[in-house]
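# Sequence and predicted structure below; questions after.
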Amino acid sequence: MSTKYLSCAETAKLVRQALKEAFPGIKFSVRSSNYSGGASMRIEWLDGPNTAQVEAVACRFKASYFDGGIDYKGSIYHMMDGQQVRFGADFIHCQRQFSDAAIQTAIDRTYSRYAGNFKSDGIDKPTVQQYRNGDLWSVRLSGLHHYGNQGVQADVSEALYKHSDRMKVAQSATAGRVFVTHDDGYSRTNGSGFSAVSLDA
C-alpha cells in the first residue's frame, strides 16, 4: 500500500478543521515551523478547553515521539480514509493562554479552598498581578507547602490548568478519519518504553 505524505502546512489545515469541529466558538492560533531535520506545530488559544482536551484532538496528527531517556526521535504511523499517511508535523505543542478573569477565578477557588491557611498565616488574598509577576512562588502556607517548588503560585496554576469551559468535547469528523496504526518500536526495545498505541491484548 502506498503512503501519502502531507506537508506541515497540509497537516496544520487538518488540525485547524478538527479543532473547529471539536471546540466550536474557540479561536485557535495554529502555526507551523519548518527547520533542519523536521517540522513542528504550535497551537495557542485563550481560556476555554483545557490543554489535555485540546491535545487529545490535535496530537493524533503528530508524526513523531521523543524519548528523552535515550535522546531519540521515533516515528508514528497513521491511517486516514483507509490510506497510510505520514503527517508533516513531528511534534505538536499546545499552549493555553489565560485572561485576567480566568486567573481571578482560579485565585478565588484557591483562596476559598485554603481560606483557613491564609487567615492563620495573616496572608491576604492574592491578586492577578501577583500571579502574572510570579510573586506567589514565594508565598507558602503553613501546614501545606513544605518543599521549594511548592507555593500559592503552583496552587493557582493547577486550578487554571485543570479547569475547562466544557465537560465533554464535541466529536470531530476530521479527527475521526485518522488513527494511529503503530510506531517504530525503538523506545520499547531500547528506551523508556514509549508506545503510541495500546499494548493491551
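That came through fine. Residues are numbered from 1 along each chain as shown.

# quick one: the residue nearest to Ala159 when sequence neighbours are not counted from Arg42, how far?
Sequence neighbours aside, Ala106 is the residue nearest to Ala159 in space, at 3.9 Å (criterion: CB to CB, 6 or more residues apart in numbering). C-betas here are computed from N, CA, C, even on glycine. Applying CB to CB, to the nearest Å, one obtains 24 Å for the distance of Ala106 from Arg42.

# ok so, going back, how many residues are close by the residue nearest to Ala159?
Using other CB atoms under 10 Å, Ala106 is surrounded by 23 other residues.

# Lys119 now?
Residues contacting Lys119 under the criterion other CB under 10 Å number 11.

# Which of the helices or strands spans it?
Assigning secondary structure by DSSP states H and E places Lys119 in helix 115-121.

# Next: Gln153.
Secondary structure from DSSP H and E places Gln153 in helix 152-162.

# CA atoms only for that helix, dumped as CSV, please.
What follows is the C-alpha trace of helix 152-162 in CSV, where atoms were taken according to Å, rounded to 0.1, in the frame of the first residue of the first chain:
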residue,chain,number,x,y,z
VAL,A,152,0.5,29.5,46.1
GLN,A,153,1.6,30.1,42.5
ALA,A,154,1.5,26.4,41.9
ASP,A,155,-1.9,26.0,43.5
VAL,A,156,-3.4,28.7,41.3
SER,A,157,-1.7,27.3,38.2
GLU,A,158,-3.2,23.8,39.0
ALA,A,159,-6.6,25.3,39.3
LEU,A,160,-6.1,27.1,36.0
TYR,A,161,-4.8,24.2,34.0
LYS,A,162,-7.4,21.7,35.2
